[in-house]
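In: Make a model of this:
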Amino acid sequence: MNFNQTQFSTSADRLAGCPHNSVAEIAFAGRSNAGKSSAINAITGRKALARISKTPGRTQLINFFEVVSGHYLVDLPGYGFAKVPLAVKEKWQRELGKYLHERETLVGLVVLSDIRHPMKDFDQQMVAWSVQSKLPVLLLLTKSDKLKRGAAHNMRLKVQKQTQDEALVKVELFSAHSGAGIELARDQLSQWFSKKTFNCGKGMQSGGQ
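Out: Residues are numbered from 1 along each chain as shown. As a prediction, this is how the structure comes out:
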């Protein structure tokens, strides 16, 4: 799949605003300083596709990037550092939860975790929820260039052992700066997209509810 053709499609602040033509979606989740936008830009080869905010946690929308017709990369709001009123944060979290639990066209989840501080509480919750839901996860340990090669490899092995289900959770080193893990990520996303999506008609209907 040619990720270089990916284009921004739309943003939604709630489930009802998600694209109605969706066949398959792969969501990206991570703490606001984990390098999520940089990872999306690196995987698509589009330097400015996903905006990189100087203020972590500023984005409060679910952003959709269309790779090919009906196939989307979904940039979920970053968690952990948002300086917003509590009421806004609670609404934001509710809508994010609805997306993850109700969006039937969701075929895979990419969780990004800074290799220097991996698997914080919310990272663990996201992975655990995905395993429970039988949703495959690609856990990218970002900024791997910040550690020496041996230390980075050892951290990957350590995190892989911590996962609850190695059949569903794949852990890889990733660096938008050095290019490490970009091709592996593209291959995994292509595999998820290429799988036949069952109940796609039902999922499209649920996206508009």
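In: Helices along the chain, start to end?
Out: Under the criterion DSSP state H, helices of the chain are mapped to 36-44, 86-102, 121-132, 149-162, 182-194, 200-207.
In: Deepest-packed of these, please.
Out: Each of these was scored by mean neighbour count; the highest is helix 36-44, a mean of 23, by mean count of other C-beta atoms under 10 Å. The C-beta positions use only the backbone N, C-alpha and C, and glycine is treated the same way.
In: on contacts alone, who are the packing partners of that one?
Out: strand 24-30, strand 62-68, strand 71-75, strand 106-114, strand 137-142, helix 182-194 (3 or more C-beta pairs under 8 Å, 6 or more residues apart in numbering; DSSP states H and E).
In: now the angle from the third one to helix 182-194?
Out: This points to strand 71-75. In terms of direction (axes from the mean of the first three to the mean of the last three C-alpha atoms, to 10 degrees), strand 71-75 departs from helix 182-194 by 120 degrees.
In: List the contacts of strand 71-75.
Out: By C-beta atoms under 8 Å, 6 or more residues apart in numbering, the surrounding residues in contact with strand 71-75 are 1, 6, 9, 19, 22-28, 36-37, 40, 43-44, 50, 59, 62-67, 99, 106, 189, 193.
In: 6 Å instead, please
Out: Strand 71-75 is contacted from outside by 23-28, 40, 50, 63-66, 193, using C-beta atoms under 6 Å, 6 or more residues apart in numbering.
In: Quick one: work out the angle between that strand and strand 106-114.
Out: 30 degrees.
In: quick one: strands adjacent to strand 71-75?
Out: Strand pairing for strand 71-75, using DSSP bridges, gives strand 24-30 (parallel), strand 62-68 (antiparallel).
In: what's the distance between the last one and the middle of its chain?
Out: Relative to the mean C-alpha coordinate of its chain, strand 62-68 is positioned 12 Å out (C-alpha atoms, centre = their mean, to the nearest Å).
In: Would you format the strands paired with strand 71-75 as TSV with mean neighbour count, distance to Ser133 and mean pLDDT included?
Out: Below are those laid out as TSV (neighbours: other C-beta atoms under 10 Å; distance: least, C-beta to C-beta, whole Å; pLDDT from 0 to 100):
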stretch	mean neighbour count	distance to Ser133	mean pLDDT
strand 24-30	24	12	95
strand 62-68	21	18	94
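In: out of those, nearest to Gln132?
Out: Closest approach to Gln132 among those is made by strand 24-30 (15.3 Å; C-beta to C-beta).
In: what about Asp123, distance to Pro77?
Out: 15 Å (C-beta to C-beta, to the nearest Å).
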